[in-house]
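A.B. asks: Just the structure for this:
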Amino acid sequence: MASWFWLNVPLMAVFFLATVGIPLWLVLKRPDRAPREQQASAAAKVPAAAEEPAHSQKMQPERELQLTR
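C.D. replies: Have a look, this model is predicted:
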């Protein structure tokens with residue numbers, strides 16, 4: 001039984017290195033770069049009100065609830 005475990009260790013190492021190495025290689029091959037001037041100027045033109053998400057506004061009840069006993 002122990003021999004099967006030790007036979008699988010190199011296979012586990014290959015899969016682990018592929019799982020870690022391929023994404024790392026892709027990031028190192030094409031790193032993120034600064035946005036182009038056109039994209040940066042377009043982002044600067046967005047009004048400040050549009051940056052706030054709609055769901056962040058607090059909802060106000062139309063009338064207060066009256067609790068009765």
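A.B. asks: what about stretch 17-37, average pLDDT?
C.D. replies: Here stretch 17-37 scores 84 as its mean pLDDT.
A.B. asks: Now that stretch: buried residues?
C.D. replies: Residues of stretch 17-37 classed as buried by neighbour count (16 or more other C-beta atoms under 10 Å): none. Heads up, the C-betas are built off the backbone N, CA and C, glycines and all.
A.B. asks: Ok, stretch 6-14 next?
C.D. replies: Result for stretch 6-14 [16+ other C-beta under 10 Å]: no buried residues.
A.B. asks: pLDDT of it, averaged?
C.D. replies: 94.
A.B. asks: got the contact list for that stretch?
C.D. replies: Outside stretch 6-14, no residue is within contact range by C-beta atoms under 8 Å, 6 or more residues apart in numbering.
A.B. asks: what are the C-alpha coordinates of it, in CSV please?
C.D. replies: Output of stretch 6-14 as CSV, limited to C-alpha atoms (Å, rounded to 0.1, in the frame of the first residue of the first chain):
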residue,chain,number,x,y,z
TRP,A,6,5.2,7.0,-3.1
LEU,A,7,4.4,6.3,-6.7
ASN,A,8,1.7,9.0,-6.7
VAL,A,9,4.0,11.6,-5.1
PRO,A,10,5.6,12.6,-8.4
LEU,A,11,2.2,12.8,-10.0
MET,A,12,0.9,15.1,-7.3
ALA,A,13,4.0,17.3,-7.7
VAL,A,14,3.4,17.6,-11.4
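A.B. asks: who's in contact with F5?
C.D. replies: With contact set as C-beta under 8 Å, 6+ apart, F5 has no partners.
A.B. asks: For it, give its distance to P23.
C.D. replies: 28 Å (C-beta to C-beta, to the nearest Å).
A.B. asks: again, but for A13
C.D. replies: A13 is 17 Å from P23, where distance means C-beta to C-beta.
A.B. asks: now A2
C.D. replies: In this view, A2 and P23 are 33 Å apart by C-beta to C-beta.
A.B. asks: Also R30?
C.D. replies: According to C-beta to C-beta, R30 and P23 sit 12 Å apart.
A.B. asks: That's all I had, so thanks and see you.
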